Structures are given as structure tokens and as C-alpha cells.
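**Q** Next input, structure requested:
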Amino acid sequence: MSKRQYIFLMILGTIVAGIGFTLAIFLINPELTSNVGFIFFYASIFLFSLGGLSVTGLAIRSWLFHHELEIQQVTHALRQSFFLSSMFIISLFLQSKELFTVTNIIILFVIIIVLELLCLSQTTPTKPHDL
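**A** Numbers count the residues shown, from 1 in each chain. Predicted coordinates for the structure are as follows:
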């Protein structure tokens with residue numbers, strides 16, 4: 001799959017997730033819904049933020065790190081958008097349960113940083129090719 005196809009599919013998926021999120025906002029009553037409604041709400045906002053952050057991160061990485069291979073740019077952007085989207089969704093969930101405190105956010109932030117560093121330590125560094 002080329003980078004252009006990846007971007008197109010991510011934008012298309014983000015639009016679909018945005019439509020799902022909009023439907024969840026207007027059609028799901030949080031006072032009357034079951035757990036399925038909440039799962040749909042959190043899943044749609046997660047996919048919407050994942051797609052948007054992934055495309056944005058890929059654009060920034062392509063501009064700043066143009067010497068990297070495209071697959072590395074895509075991998076890093078997708079991983080980092082997954083971590084940021086997860087942090088966002090967990091923060092929303094904690095807020096809904098009235099557990100959104102500075103301590104919990106610091107713990108969540110440290111966990112995300114450790115996971116990112118763990119992922120970075122597993123990759124092998126590559127040198128840019130001389131032109």
C-alpha cells in the first residue's frame with residue numbers, strides 16, 4: 001500500500017468515525033442507554049481521534065523527518081496517535097466517573113511515556129542514505 005493510499009483510507013475512516021461520533025452525540029441519551037451506547041460513543045471518538053491524529057502526525061513527520069523511510073513515518077505516527085487517543089479516551093472515562101485527578105493523569109502520562117520508550121527501544125535505528 002502506498003503512502004497516498006494509506007492517507008486516503010485513514011481520512012475516509014476518520015470521516016466514517018466522525019459520522020458515527022456525530023450520531024452518538026445526537027441519538028444516544030446517556031441517562032437511558034446501556035453499556036452498548038457508551039461503548040459505541042467511546043469507540044467512535046477513539047477512532048475519530050486516532051484517524052485525525054494519525055494523518056496529522058504523518059504530515060508533520062513527513063515535513064520534519066523527510067529523511068526517514070515512509071514505513072517508519074507511518075509506523076511512528078500511527079503508534080503515537082494510538083497512545084494519544086488512548087490517553088484522551090481514558091481521560092474522558094475518568095472524568096465521567098469523577099476520577100479525573102492530577103495524580104491519575106500523571107500516572108497515565110507516565111504509563112504512556114514508558115510504553116513509547118519501550119516501543120522506541122525495540123526498533124533498530126537506520127541511517128539515512130547519502131544522496
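
**Q** and the longest helix along the chain, which residues are buried?
**A** When the chain is parsed with DSSP state H, its longest helix is helix 35-64. For helix 35-64, the neighbour count (16 or more other Cβ atoms under 10 Å) marks 40-42, 44-55, 57-58, 61-62 as buried. Heads up, the C-betas are built off the backbone N, CA and C, glycines and all.

**Q** can you check stretch 84-100 too?
**A** Of the residues in stretch 84-100, Leu84, Ser85, Ser86, Met87, Ile89, Ile90, Ser91 count as buried by neighbour count, 16+ other Cβ under 10 Å.

**Q** what number of residues lie near Pro30?
**A** Applying other Cβ atoms under 10 Å, we find 10 residues neighbouring Pro30.

**Q** In space, what's closest to Phe46 - neighbours in sequence excluded?
**A** Ile89 (4.9 Å; Cβ to Cβ, 6 or more residues apart in numbering).

**Q** Is the one you found in contact with Phe48, as I believe?
**A** No. Using Cβ atoms under 8 Å as the test, Ile89 is too far from Phe48 to be in contact (10.5 Å).

**Q** list the contacts for the residue nearest to Phe46?
**A** Listed by Cβ atoms under 8 Å, 6 or more residues apart in numbering, the contact partners of Ile89 are Tyr42, Ile45, Phe46, Ser49.

**Q** and if you look at Ile11?
**A** By Cβ under 8 Å, 6+ apart, Ile11 lies in contact with Gly51, Val55.
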